[in-house]
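Novice: Got a sequence here, can you build the structure:
(4 chains)
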Protein chains: 2
Amino acid sequence: MEVENQFSKIASLIGDKTRSIMLWSLLDGKAYTATELAVSANITRQSASNHLSKLMEAKLILVEKQGRHRYFRLANEKVAQVIESMASLILDEKIEIKKSAEAKKLAFARTCYDHLAGKLSVEIVTSLMEQKIITLNDNSFEITDYGKDWFVELGINVESLKNEKRSFAHKCLDWTERRHHIAGALGAAILKNFLEKDWIRRKQNTREVIVTSLGESMLSEKLKIMI
Amino acid sequence: MEVENQFSKIASLIGDKTRSIMLWSLLDGKAYTATELAVSANITRQSASNHLSKLMEAKLILVEKQGRHRYFRLANEKVAQVIESMASLILDEKIEIKKSAEAKKLAFARTCYDHLAGKLSVEIVTSLMEQKIITLNDNSFEITDYGKDWFVELGINVESLKNEKRSFAHKCLDWTERRHHIAGALGAAILKNFLEKDWIRRKQNTREVIVTSLGESMLSEKLKIMI
DNA sequence: TTTATAATTCATTCTACACTGAACTATTTT
DNA sequence: AAAATAGTTCAGTGTAGAATGAATTATAAA
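Specialist: This is a model prediction of the structure:
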């Protein structure tokens, strides 16, 4: 098949009203059952099942079986990136006034797959670079010796992260900020760490992340970030 | 409207079979008339006109009037980036054997909007960096003093490019290579220069770019790139 | 001026494909 | 074992929205 038709096929696969909402729901990197996705997209289970098998066939999502449940999640971070990039067409409207409150909050701080995205996430990178905790090397971030201690103090053991199969700390383009944030094992560890310490909290049914007052003072102290 | 529905709307806008083929055609950054786009998408002019007005409304494309012709082109480079990112889901399949010959050629060298993309384009960046002709500074490339002379010798006046309104040489993520190439005024100037000198040639009806034998030896000499 | 070409608008038709209900398999629970 | 829950398959239905034809506007060429 010609490339343009392959493109057209994948575009219409993503572009269906219901499937696009499902993909949007899956953008937090979590795994959901068919029923859960059916409810959030407001369709029957049969219909959801049908859509999910189409997304599976195109390898946009994958499934894990657990007993009578089947958990669906995005196939990989790259799919998440594509969805994010499409969403950037609505999120970064020049005219601030037209941006909904919800969109603004998402632009400030949200999860993307398993790491942080939005303004906060790129400010973290800026601060870590300025403090020489991380450095940029081609396509990924590296941690300085000082940085290793800094992360240990934060509660993240950098060495053990490096043993994971996945990439350690690659750059991930933030579509609302048009700058990079940290993805990979380190990006995931930072999100987990901040959540565990209650610096930030997830909100129900959205990828939006809010900064707690504890988080506000800690981000200011450790990273010189003013919310 | 909730963000998920805004996303769904833009996704289905792009995701229509015919519109996606039109957008794919526009990806070379050139402007086409409604009739031309109708022919390449194999539909009537009325239908094309209808689709184009929808894409206009969403600000994905814009139009320039010239006499009785109306020339349509992508609204900006960002839209091109989004289309490219979606296409990356088909272009970078792990299983090489399944890649069509056409897709392989596109992955090697193609135009993206008004600059080069693909393997060749990121190799150019690598070489220019190694030779200290350009350096990376945050989100854009900068040219060294030595680099200025080097580009003048190539036939590109860097100073006059800087006076253009558009960004000079920002980074642009290459979706097949997952690394950056040069966009902006410099990226466009390089593509133009290479075409004029017949180092590379456009092919009809595709974004594919081929390297001439002259180009092969010049790229080897000037940039140490072996095709 | 007339004729040809480019593009759009609108009312109508058409169809791809999403949705539904019913029947089914596979687990878990009681 | 029976009942309940999760999910799928499939044949038939329904509809959003794409395609079309006819009419209209605008510009260019003859």
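
Novice: now the host helix or strand of residue A:19, how far from the chain's geometric center?
Specialist: Using DSSP states H and E, residue A:19 maps to helix A:17-26. From the chain centre to the centre of helix A:17-26 is a distance of 15 Å (Cα atoms, centre = their mean, to the nearest Å).

Novice: same thing with stretch A:142-152?
Specialist: For stretch A:142-152, the separation from the chain centroid amounts to 24 Å (computed by Cα atoms, centre = their mean).

Novice: got it, and stretch A:146-163?
Specialist: Worked out by Cα atoms, centre = their mean, stretch A:146-163 lies 21 Å from the chain centre.

Novice: list the buried ones in that stretch?
Specialist: Buried residues in stretch A:146-163, counted by 16 or more other Cβ atoms under 10 Å in any protein chain shown: A:147, A:150-151, A:154, A:156, A:158, A:161. In short, each C-beta sits where N, CA and C put it, glycine included.

Novice: Now do the same for whichever residue of chain A sits closest to chain B: its pLDDT.
Specialist: Nearest residue of chain A to chain B (Cβ to the nearest Cβ) works out as residue A:15 at 1.3 Å. We have a pLDDT of 95 for residue A:15.

Novice: quick one, what contacts it?
Specialist: Listed by Cβ atoms under 8 Å, 6 or more residues apart in numbering or on different chains, the contact set of residue A:15 reads B:11-16, B:20.

Novice: Go through these and say which is closest to residue A:86.
Specialist: Lowest distance from residue A:86 to these (Cβ to Cβ) belongs to residue B:11, with 6.0 Å.

Novice: Does the closest one touch residue A:12 like I think?
Specialist: No - in this structure, residue B:11 is not within contact of residue A:12 by Cβ atoms under 8 Å, at 9.6 Å.

Novice: Can you name the residues that contact residue A:71?
Specialist: A:31-33, A:63-65.

Novice: By neighbour count, which of those wins?
Specialist: residue A:32 (21 neighbours; other Cβ atoms under 10 Å in any protein chain shown).

Novice: ok so, going back, so what's the residue of chain A closest to chain B closest to, chain neighbours aside?
Specialist: Distances taken as Cβ to Cβ, 6 or more residues apart in numbering or on different chains put residue B:15 closest to residue A:15, at 1.3 Å, once the chain neighbours are dropped.

Novice: same question, residue A:51
Specialist: residue A:19 (5.0 Å).

Novice: Then residue A:138?
Specialist: Nearest to residue A:138 is residue B:179, by Cβ to Cβ, 6+ apart, at 7.9 Å.

Novice: Bridged to residue A:210, which residues?
Specialist: residue A:201 (DSSP bridges).

Novice: chain center to the longest helix along chain A, what's the gap?
Specialist: Counting by DSSP state H, the longest helix found in chain A is helix A:77-91. Remark: helix A:77-91 is offset 10 Å from the chain centroid, using Cα atoms, centre = their mean.

Novice: what does it contact?
Specialist: A:14, A:23-24, A:27, A:29, A:60-61, A:74, A:99, A:103, A:106-107, A:112-114, A:117, A:172-173, A:175-176, A:183, B:3, B:6-7, B:10-11, B:14, B:58, B:60, B:78-79, B:81-82, B:85-86, B:88-89.

Novice: Give me the neighbour count for the residue nearest to residue A:155 when sequence neighbours are not counted.
Specialist: Closest residue in space to residue A:155, ignoring its immediate chain neighbours: residue A:193 at 5.6 Å, by Cβ to Cβ, 6+ apart. Per other Cβ under 10 Å, the neighbour tally for residue A:193 reads 15.

Novice: residue contacts, residue A:193?
Specialist: Residue A:193 makes contacts with A:154-156, as judged by Cβ under 8 Å, 6+ apart.

Novice: would TSV of the residues you listed with pLDDT, distance to residue B:218 and secondary structure be doable?
Specialist: Below are the contacts of residue A:193 laid out as TSV (pLDDT from 0 to 100; distance: Cβ to Cβ, whole Å; DSSP: H, G, I helix; E, B strand; the rest coil):
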residue	pLDDT	distance to residue B:218	secondary structure
A:154	93	51	helix
A:155	93	54	coil
A:156	94	49	coil
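
Novice: And DNA strand C, is stretch A:48-55 touching that?
Specialist: Yes - against DNA strand C, stretch A:48-55 shows contacts by Cβ under 7 Å from any atom of the strand at A:50-51, A:54.

Novice: Alpha carbons of that stretch, in PDB - could you do that?
Specialist: This file holds the C-alpha atoms of stretch A:48-55, laid out as PDB (Å, rounded to 0.1, in the frame of the first residue of the first chain):
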ATOM      1  CA  ALA A  48     -15.600  -0.700  23.100                       C
ATOM      2  CA  SER A  49     -14.300  -4.200  22.500                       C
ATOM      3  CA  ASN A  50     -14.600  -3.700  18.800                       C
ATOM      4  CA  HIS A  51     -12.600  -0.400  18.900                       C
ATOM      5  CA  LEU A  52     -10.000  -1.900  21.200                       C
ATOM      6  CA  SER A  53      -9.300  -4.800  18.800                       C
ATOM      7  CA  LYS A  54      -8.800  -2.300  16.000                       C
ATOM      8  CA  LEU A  55      -6.300  -0.300  18.100                       C
END
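
Novice: residues near the residue of chain A found nearest DNA strand C, how many?
Specialist: Nearest residue of chain A to DNA strand C, counting by Cβ to the nearest atom of the strand: residue A:67, 2.8 Å away. The local packing of residue A:67 (other Cβ under 10 Å) involves 5 other residues.

Novice: Sheet-wise, list the partners of the worst-scoring helix or strand of chain A on mean pLDDT with their directions.
Specialist: Ranking every helix and strand in chain A by mean pLDDT, DSSP states H and E puts strand A:171-174 at the bottom, with a mean of 80. As defined by DSSP bridges, the strand partners of strand A:171-174 come to strand A:179-182 (antiparallel).

Novice: Can you show me the CA trace of the strand it pairs with as PDB?
Specialist: Provided in PDB are the C-alpha atoms of strand A:179-182 (Å, rounded to 0.1, in the frame of the first residue of the first chain):
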ATOM      1  CA  ARG A 179      10.900  22.300  25.100                       C
ATOM      2  CA  HIS A 180      12.100  19.000  26.600                       C
ATOM      3  CA  HIS A 181      11.300  17.300  29.800                       C
ATOM      4  CA  ILE A 182      12.700  14.100  31.200                       C
END
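
Novice: where exactly do the helices run in chain A?
Specialist: For chain A, the helices defined by DSSP H cover A:3-15, A:17-26, A:34-41, A:45-57, A:77-91, A:101-108, A:119-130, A:145-154, A:158-162, A:184-196, A:213-223.

Novice: residues contacting the closest residue to residue A:219 other than its chain neighbours?
Specialist: Of all residues not flanking residue A:219 in the chain, residue A:225 sits nearest, at 4.4 Å (Cβ to Cβ, 6+ apart). Counting by Cβ under 8 Å, 6+ apart, residue A:225 makes contact with A:120, A:123-124, A:127, A:219.

Novice: mind giving me the domain split of chain A?
Specialist: Chain A is divided into the following domains under automatic domain parsing: A:3-75, A:78-223.

Novice: would CSV of the ones you listed with distance to DNA strand D be doable?
Specialist: What follows is the domains of chain A, written out as CSV (distance: least, Cβ to the nearest atom of the strand, whole Å):
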stretch, distance to DNA strand D
domain A:3-75, 3
domain A:78-223, 17
